[in-house]
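Student: Prediction below, plus the sequence it came from.
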Amino acid sequence: MTAVQSDTLQALKEIVDEVAGVPAEDITPESSFIDDLGMDSLTIVSLFVLIQRRFGTDVPNAVFDRLTTVGQAVAYLEHGEIPA
Amino acid sequence: MDISGTPLARSWGVGIRAVGGYLPEKVVSNADLEEVLLTRDEWIRENIGVETRRMAAEDEWTSDLGAAALKDACARAGVSPSEVDLVICGTYTPDNMAPPTAMRVIEKAGAHGATGFDVNSGACPGGVFALDVGAKYLASGEYRRVAVVLADVNTRTMDWKDPGPAVIFGDGAACYLLERCRPDRGVGLTLLRSDPSRYEAVWVAREKRTLRDGRPLTSAFGDNFATLSGKAVHEFAVGEVPEVIEELLARAGQDVSDVDLFALHQANLYIVRGIMAALGVPEDRTVTNIQKYGNTSGASVPLVLREADDLGRLSPGDQVVLAAFGSGLSIGAALVRWCGPEDFEAVATT
C-alpha cells in the first residue's frame, strides 16, 4: 500500500469514527459500512458529506450507494472509479 | 382476543365542525440544514420527501402554537373561543411538566371558562388518539363544544448532531373543533392499537449526551432527545398501518373503494405512498403536506384535513379515513363521515 493510500484510509477511518463512533482500530478496508460498522443510510450520507468537506471530492448519492466497504470508498477517492 | 365493546347508543353524532391550523413563520429549507448537519438536500428529498419545515421562534412554545390553532378553528366555525367547553391538548412537548399546556392554551386563546388537560399519546399517534378522547367526551353528552389541540415544538427535542430526526420534523399545531352533529355523520368507528415491545423504535430518549470534546450536549428539553430507527418505523408503518385501516373498514362494512380521502400521518412521503400502494388506492385519494411542513407529529393528520378542505377535497357526506401512527409503537385509525354546516344546524347546540 502506498503512502497516499495509507493517508486516505487513515483519514477515512477518522471520519467514520466521527460520524458513527467506531474506533479506527476496529475499521479495515474490508469493513462494510452497514454490516460491520452499523451505519444506516443517514449516517452514510453524513460520511460522504464529511468526505466532500475534507477531500474536496463530491461523491454523488448514486455513486456512494455502490460503495459498500471502506476499501471501495478509498479506491474511489484515490482513482475516481467504482471498484468492480 | 377481541376485547372491544359496543358504543352506547345516542341521538347525536360527533362532528368535526372545523379544523384550525398554525405553522410558525420561520421556514427552514434542506439547504439551511446542510449548514448545521452532515446531510444533503437531494438525499432528504429522495428518501424523506421533506423540502422545507417550519421552526418555532425562540419565544414561541407549544401553547402559543396551540392557542393560534384553536383561535383559527373557532374563526372558521364562526364561534368565540370563550364558547369552548373543554380543551384537550395532545402534546409530548409541554411548556412545563405541570400544569398541563392546555391551561396556557385556554388562557392565550381566550377560551375563558373552559376546562382542560393534556393527552400524551406518543406524539404522532395523537392525531387520532387525542381526537378519540375528545370525541368520547363530546359523546358523553356532558360537553357541547370540545377543542382537541395537537401542538408540538418538535425541533426543540433535537440533538443537532443526529441528522435522523432533524431532517424529518417540523413544528406546527392544529385543532379539531368538535360539536354535536346529526347521528349518521361525524367521527365513527375508531381503532387504537399499541405495541410497547417496540418502545424504543421512535422515542424521546432521556440520557446524557456529549459533544466529541466532552462538553455536555442538551436539547431545549435538557437531556431529552428525539431518537428513531428509520428502518423500524418504515417497516411498521407500511406493514401494519394498512392492516389496521383494512380492519377498520371491514368492521364498518366498508371497502377501501368507498373512501373518498385518506388523511395519513406525514411520517415520510414514501411511507404515505407505501401505505396507499399497500391498500391498492391511487395517490390522488390522499393529500400530503410533508413536503412543506415536515413531520409535525400529532398535528400532521388534522393539518392534512385542513389542507384537503382548503383544496375543496372534502364535501359533506364524504367518507374519510384518518390514520396516525408512530411512537409507542401505536396506531390510531378513525372513520369519519365528513359534515357540512347544515349537519350541525340540524341538532340543538344549546
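Tutor: Noted; the coordinates are in hand. Values in this document were obtained by computation on a predicted structure and should not be read as measured data.
Student: and residue 62, what pLDDT?
Tutor: Since you didn't name a chain, this refers to chain A. Note on A:Ala62: pLDDT of 82.
Student: was after chain B, sorry
Tutor: Predicted confidence (pLDDT) for B:Thr62: 98.
Student: For B:Gly280, the count of nearby residues, please.
Tutor: Residues lying near B:Gly280 (other C-beta atoms under 10 Å in any protein chain shown) number 9. Yep, even glycine has a C-beta here, placed from its N, CA and C like the rest.
Student: My error: substitute B:Asp284 in the last question.
Tutor: 9.
Student: Relative to chain A, how far out is it?
Tutor: Counting by C-beta to the nearest C-beta, to the nearest Å, the gap from B:Asp284 to chain A is 29 Å.
Student: for residue 83, what are its contacts?
Tutor: By default, I'm working from chain A. A:71-72, A:75-76 (C-beta atoms under 8 Å, 6 or more residues apart in numbering or on different chains).
Student: wrong one, chain B
Tutor: B:74, B:145.
Student: SS state for B:Phe325?
Tutor: At B:Phe325 the chain is in strand, as set by DSSP: H, G, I helix; E, B strand; the rest coil.
Student: got a list of what it touches?
Tutor: B:124-125, B:236-237, B:240-241, B:265, B:267, B:331-332.
Student: try B:Ile331
Tutor: For B:Ile331, the contact set (C-beta under 8 Å, 6+ apart) comprises B:125, B:191-194, B:240-241, B:244, B:323-325.
Student: And B:Ala139, by the same measure?
Tutor: With contacts defined as C-beta under 8 Å, 6+ apart, the neighbours of B:Ala139 are B:7-8, B:10, B:14.
Student: So which bits of chain A are right by chain B?
Tutor: Within chain A, the residues that sit near chain B (C-beta under 8 Å from any C-beta of the partner chain) are A:18-19, A:40-42, A:45-47, A:49-50, A:61.
Student: Is the longest helix seen in chain B in proximity to chain A?
Tutor: Longest among the helix segments of chain B by residue count, using DSSP state H, is helix B:230-251. Yes - using C-beta under 8 Å from any C-beta, helix B:230-251 reaches chain A at B:230-231.
Student: buried residues in that helix?
Tutor: For helix B:230-251, burial by neighbour count (16 or more other C-beta atoms under 10 Å in any protein chain shown) applies to B:230, B:233, B:236-238, B:240-242, B:244-245, B:248-249.
Student: Name the residues of chain B found near chain A, please.
Tutor: B:34, B:37-40, B:42-43, B:46-47, B:163-164, B:167, B:212, B:229-231.
Student: what ranges do the helices span in chain B?
Tutor: Under DSSP H, chain B gives helices at B:30-36, B:41-47, B:62-77, B:101-109, B:126-140, B:163-166, B:230-251, B:269-279, B:290-293, B:300-310, B:341-345.
Student: Kindly report the same for chain A.
Tutor: So, for chain A - with DSSP H - the helices run A:3-20, A:41-55, A:61-64, A:70-79.
Student: Redo those helices as TSV? Include distance to B:Asp95 and mean neighbour count.
Tutor: Formatted as TSV, the helices of chain A follow (distance: least, C-beta to C-beta, whole Å; neighbours: other C-beta atoms under 10 Å in any protein chain shown):
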stretch	distance to B:Asp95	mean neighbour count
helix A:3-20	34	17
helix A:41-55	30	20
helix A:61-64	40	14
helix A:70-79	46	19
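Student: With adjacent residues omitted, what lies nearest to residue 11?
Tutor: Since you didn't name a chain, this refers to chain A. Excluding the flanking residues, the one nearest A:Ala11 by C-beta to C-beta, 6 or more residues apart in numbering or on different chains is A:Arg54, at 6.3 Å.
Student: my bad, chain B
Tutor: B:Pro183 (6.1 Å).
Student: The one you found and B:Leu131, how far apart?
Tutor: According to C-beta to C-beta, to the nearest Å, B:Pro183 stands 18 Å off from B:Leu131.
Student: Tell me the confidence at residue 49?
Tutor: Unless you meant another one, I'm taking chain A. 91.
Student: I was thinking of chain B, sorry if that wasn't clear
Tutor: Predicted confidence (pLDDT) for B:Gly49: 97.
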